[in-house]
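Colleague: coordinates for the following, if possible.
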Amino acid sequence: MKKQDIFNTVALHLLAQKAKATTAREDLSYSCRYRTASGLKCAVGCLIPDELYTESLEGASVHGIIMVARHMATGSVDPINDPYLKNVKITKEQADLFMDLLEEDGSVHLLEELQVVHDVRQIHEWRMELSKLAAEEHLDAAVLNTTQHEA
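Modeller: Okay, the predicted model is just below:
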């Protein structure tokens, strides 16, 4: 998938959803999720088709999932010997999806930054943060003008 297509898809999703995909923890803090039981999706979660989403993705960073996907595609990293990656469990189909997202150089960085917009920024900051990210990544931000979002 081209970076512009990733950006457009995620920006439209986040600005239309107007909510974070989170779950409350026992300590009353919140944990971001790819998907919630109520159907909310995070920046990367909206790129995962329903038939490829599994609960096993939760708790793994997009970077970790991509590292495991690369290993499955090329054998370049051994997740079994990496304590951070050994618990990331994805199917071949999920690995193929994440590899398709890496069509252009810099896609990993874009996915990680889109995740930061969702996970760290306040909802009323999303449009501004997405605009900044588009400029940094040399992407067209016109999609941000096609949806309404209350500040």
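
Colleague: next up, the contacts around E51.
Modeller: Contacts of E51 were listed using Cβ atoms under 8 Å, 6 or more residues apart in numbering, and none were found. Where C-beta positions appear, they are placed from N, C-alpha and C, glycine not excepted.

Colleague: so what does the residue lying closest to E136 once chain neighbours are set aside look like in phi/psi?
Modeller: Nearest residue to E136, sequence neighbours excluded (Cβ to Cβ, 6 or more residues apart in numbering): E113, at 7.9 Å. Its backbone dihedrals place E113 at phi -70, psi -40, with angles given as degrees, to the nearest 10.

Colleague: ok, now T23?
Modeller: According to degrees, to the nearest 10, T23 has phi -130, psi 140.

Colleague: again with T22
Modeller: Backbone dihedrals for T22, given as degrees, to the nearest 10, come out at phi -130, psi 160.

Colleague: once you drop chain neighbours, what's closest to it?
Modeller: Of all residues beyond its chain neighbours, the one nearest T22 is Y30 (4.2 Å), with distances taken as Cβ to Cβ, 6+ apart.

Colleague: low-confidence ranges in this structure?
Modeller: Counting by pLDDT under 70, the chain contains low-confidence ranges at 25-29, 76-84, 147-151.

Colleague: the residue most central in space within it and L57: what is the separation?
Modeller: For the chain, the residue lying nearest the average C-alpha position, counting by Cα atoms, centre = their mean, turns out to be V44 (2.0 Å). In this structure, V44 and L57 are separated by 9 Å, where distance is defined by Cβ to Cβ, to the nearest Å.

Colleague: what do the two both touch?
Modeller: Common contact partners of V44 and L57 (Cβ under 8 Å, 6+ apart): Y34.

Colleague: this protein: strands as residue ranges?
Modeller: Remark: strands of the chain, listed N- to C-terminal, are 22-24, 30-32; assignment by DSSP state E.
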